[in-house]
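Engineer: What follows is a predicted protein model with its sequence.
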Amino acid sequence: MDDERTKRAWGDARCSRPHRPDALSPAAALLLLLLSAGACPSPAAAAGEPAAESAARAPLVRSGTAFFVSRAGYLLTSAHVVAGCARLSLWQERGPLRAAKFVAADARLDIALLRSSGAVRGFAVIAARGTLPAGAAVSTIGFALDPSNPGVPTLSNGTVIGSATAPSGQRLLVIDAALERGNSGGPVIDRDGTLEGMIIGADGSRPEHGVAVPAVEVGKFLKSHGIAYRAAAASEAQAKGSAELLRRMSALVQCVEESGE
């Protein structure tokens, strides 16, 4: 979301720095809590230095979730996860750490496009229809809070609550699912494995409600940048289960930003 509307506040003892923009929609009464796991001094950079020197010199690390949208290595994540990054890296479960490059972003939608070389284990098939009805089952995935120890990604199952409208007119998908810091940028899929949206945060007053950019907006963003993607055919179901699909398409994305910004 727009940096001008963002206030930064320190979170818990593990150096999480969530972003809290103003209310998205007076009617929906949403206070969006952006779920990046941000920004801590890099443990490797700070090792062996006095506290004052390490705080001044160590780069800051912010993390979130990304997912592939094509075999050509294009990925999507939340724009607030990668804003101001000096360099980016990706890590998939049971895979090597690899570099990623920033391609483009839309601050209004909070979407960023990245690209990485290497094998693509899976990618999202994007819904071509409108938003799912209330009560529809959905699943998402997010990577660990601590960017120095990504661990195992967390799968969350939930249901669609409905939609909300931002002051800009942007429609948002609201889901009932337990989300953590680090979920920003994660894919939301339906029971058929089709992408229905991308997580950008949670409702600050109702943390169990996740907020996502709908798949139709994701598709428009990709088209605007000339990225070919696969749109789901009517009644198409993916062969693998939700958990395996999410693990194959998703990755931890780490942003290193210089200290003192």
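Structural biologist: Alright, I've got the coordinates. A quick note: this is a predicted structure, and the numbers were derived from the prediction, not measured.
Engineer: contacts and neighbour counts: CA atoms only from here.
Structural biologist: Fine.
Engineer: the helices in the stretch 101-250 of the chain, which residues?
Structural biologist: Counting by DSSP state H, counting those that start in this stretch, the segments of the stretch 101-250 of the chain that form helices are 215-224, 242-249.
Engineer: Turn the ones you listed into TSV, columns for mean neighbour count and distance to K101.
Structural biologist: Formatted as TSV, the helices of the stretch 101-250 of the chain follow (neighbours: other C-alpha atoms under 10 Å; distance: least, C-alpha to C-alpha, whole Å):
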stretch	mean neighbour count	distance to K101
helix 215-224	17	16
helix 242-249	20	17
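Engineer: Including mean pLDDT and distance to S184, could the ones you listed go into TSV?
Structural biologist: Formatted as TSV, these follow (pLDDT from 0 to 100; distance: least, C-alpha to C-alpha, whole Å):
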stretch	mean pLDDT	distance to S184
helix 215-224	96	14
helix 242-249	92	14
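Engineer: Determine which of those helices approaches V160 most closely.
Structural biologist: Proximity to V160 (C-alpha to C-alpha) singles out helix 215-224 among the helices of the stretch 101-250 of the chain, at 13.5 Å.
Engineer: Just the CA coordinates for the closest one, please, in CSV.
Structural biologist: This file holds the C-alpha atoms of helix 215-224, laid out as CSV (Å, rounded to 0.1, in the frame of the first residue of the first chain):
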residue,chain,number,x,y,z
ALA,A,215,-7.2,-13.2,-8.8
VAL,A,216,-8.9,-11.0,-11.5
GLU,A,217,-6.6,-8.1,-10.4
VAL,A,218,-3.6,-10.4,-10.3
GLY,A,219,-4.3,-11.4,-13.9
LYS,A,220,-4.7,-7.8,-15.0
PHE,A,221,-1.4,-6.9,-13.4
LEU,A,222,0.4,-9.7,-15.2
LYS,A,223,-1.2,-8.8,-18.5
SER,A,224,-0.2,-5.1,-18.1
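Engineer: got a list of contacts for it?
Structural biologist: Residues from elsewhere that reach helix 215-224 (C-alpha atoms under 8 Å, 6 or more residues apart in numbering): 106, 111, 126-131, 195-198, 228-229.
Engineer: how about 6 Å then?
Structural biologist: 127, 196-197 (C-alpha atoms under 6 Å, 6 or more residues apart in numbering).
Engineer: and if you look at stretch 67-87?
Structural biologist: Stretch 67-87 is contacted from outside by 36, 66, 110-117, 120, 123-124, 184-185, 200, 229, 249-251, 255-257, using C-alpha under 6 Å, 6+ apart.
Engineer: Which members of the residues you listed are classed as buried?
Structural biologist: Among those, those buried by neighbour count (16 or more other C-alpha atoms under 10 Å) are 36, 66, 110-116, 120, 123-124, 184-185, 200, 229, 249-251, 255-257.
Engineer: residues in contact with V125?
Structural biologist: Residues near V125 by C-alpha under 6 Å, 6+ apart: 194-195, 230-232.
Engineer: Could you tell me how far it is located from A136?
Structural biologist: 18 Å (C-alpha to C-alpha, to the nearest Å).
Engineer: got it, and T65?
Structural biologist: Per C-alpha to C-alpha, T65 is found 23 Å from A136.
Engineer: The two: who's more crowded?
Structural biologist: Neighbours were counted for T65 and for A136 using other C-alpha atoms under 10 Å; T65 has more, 33 against 14.
Engineer: Give me the phi and psi angles of the more buried one.
Structural biologist: Note on T65: backbone dihedrals following degrees, to the nearest 10 are phi -120, psi 150.
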